[in-house]
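> Predicted model follows, preceded by the sequence.
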Amino acid sequence: VADMQRMQMDNRNPLAPTLVPALLAVPLDGFAARAQDLLRDWDHQQAENSAPAAYFNAVWRHLLRRTFDELPEAHRPDGGDRWFEVVRGLLADPDSPWWDSADTPEVETAREVLAAALVDAADELRASQGDNPARWRWGRMHTLTLENQSFGRSGIGPIEWLFNHGPAPVSGGSAIVNATGWNAGVGYRVTAVPSMRMIVDMADLDASRWIQLTGNSGHAFHPHYRDQFELWRTGQALPMRWQRESIEKAATDTLTLRP
């Protein structure tokens, strides 16, 4: 059970082992070189407090925008695993016409586009998170807002404050086991999550664990409205009991339904 729980929070980016060496092979100087150094000893894990993950994903977003500038704005790459494979193939073909920018008279190759993306990302994070790359954090940009389906977009500030929650930093990313998806064509905020995690121990059902995104109550004033969110966000889980005896022993409340 413990192994499975750790596995569910695996934040490893599967493209990083391919893309990072290509990024490190690009000669840079100045501030962008300082940012590039973050990638040298990175373990490819996208924890919320990771500086390399912040920079890598910013580079990834700018790389997609520069490489696929021929595509209409409404069809920009979302950065998911389909695009992992597209870019993996292009890295093996550094003179592909896809690398060439439609806005310049020169003919760019992979090296020029990778260098530009590295600089773009360094400038972006310098403006948003400061001059010290070591203090950049993936969770400052990769945030999740819990939005109530009925009132979350009411346009009334106090109502949205009451029913919504966040933004909160999260680890993971698109096409990662800890699947906190985001759309590189739009920004870094989370657009999709595993709304429930469950681990069933078939040898001892009472040892099973689970967690959901928010809580068991849909009432905004109830203590169980969002009391599971911090546990979910940090990869923790609650007991999932199956036996009547253990359920009754652990119970703190009883719901009685009367027809």
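That came through fine.

> can you tell me how far the closest residue in space to residue 222 that isn't next to it in sequence sits from residue 256?
In this structure, residue 222 finds its nearest non-sequential neighbour in residue 215, 7.7 Å apart by CB to CB, 6 or more residues apart in numbering. All C-beta spots, glycine's among them, are computed from the backbone N, C-alpha and C. Per CB to CB, to the nearest Å, residue 215 is found 21 Å from residue 256.

> between those two, who's got more neighbours?
residue 215 (17 against 4; other CB atoms under 10 Å).

> State the pLDDT value of that one.
The per-residue pLDDT reported for residue 215 equals 92.

> And for the one 4 residues further on?
Per-residue confidence at residue 219 stands at 89 (pLDDT).

> residues in contact with it?
Remark: with contacts taken as CB atoms under 8 Å, 6 or more residues apart in numbering, residue 219 is in contact with residue 225.

> let's have the chain start at 764 instead
Renumbered: residue one is now 764, and that last one reads residue 982.

> CA atoms of the lowest-mean-pLDDT helix or strand in the chain as PDB?
Each helix and strand of the chain was given a mean pLDDT (mean pLDDT, DSSP states H and E); the minimum falls on helix 920-926 at a mean of 91. Output in PDB follows, covering the C-alpha atoms of helix 920-926 (Å, rounded to 0.1, in the frame of the first residue of the first chain):
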ATOM      1  CA  GLY A 920     -16.700  38.200  -5.300                       C
ATOM      2  CA  PRO A 921     -18.000  37.100  -1.900                       C
ATOM      3  CA  ILE A 922     -19.900  34.200  -3.400                       C
ATOM      4  CA  GLU A 923     -16.800  33.000  -5.300                       C
ATOM      5  CA  TRP A 924     -14.600  33.500  -2.200                       C
ATOM      6  CA  LEU A 925     -17.000  31.300  -0.200                       C
ATOM      7  CA  PHE A 926     -17.500  28.400  -2.700                       C
END
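
> can you give me the strands for the stretch 814-963 of the chain?
With DSSP state E, counting those that start in this stretch, the ranges of strands along the stretch 814-963 of the chain come out as 906-909, 928-932, 944-945, 953-955, 959-962.

> and of the ones you listed, who's closest to residue 776?
Closest approach to residue 776 among those (CB to CB): strand 944-945, 12.3 Å.

> For the residue most central in space within the chain, give its distance to residue 774.
Against the mean C-alpha coordinate of the chain, by CA atoms, centre = their mean, the closest residue is residue 936 at 2.7 Å. Using CB to CB, one gets 7 Å for the distance from residue 936 to residue 774.

> any shared contact partners between the two?
With CB under 8 Å, 6+ apart as the test, residue 936 and residue 774 both reach 809, 816.

> can you pull the buried residues of the longest helix anywhere in the chain?
In the chain, assigned by DSSP state H, the helix with the most residues is helix 873-892. Buried residues in helix 873-892, counted by 16 or more other CB atoms under 10 Å: 873, 875-885, 887-889, 892.

> for stretch 920-931, same thing?
Result for stretch 920-931 [16+ other CB under 10 Å]: buried residues 922, 923, 926, 927, 928, 929.

> Kindly report the same for stretch 947-967.
947, 948, 951, 952, 953, 956, 957, 960, 962.

> what's the answer for stretch 968-983, then?
Buried residues in stretch 968-983 (16+ other CB under 10 Å): 971, 972, 974, 975, 976, 977, 978.

> next one: stretch 937-946
By neighbour count with 16+ other CB under 10 Å, stretch 937-946 contains the buried residues 937, 939, 941, 943, 944, 945, 946.
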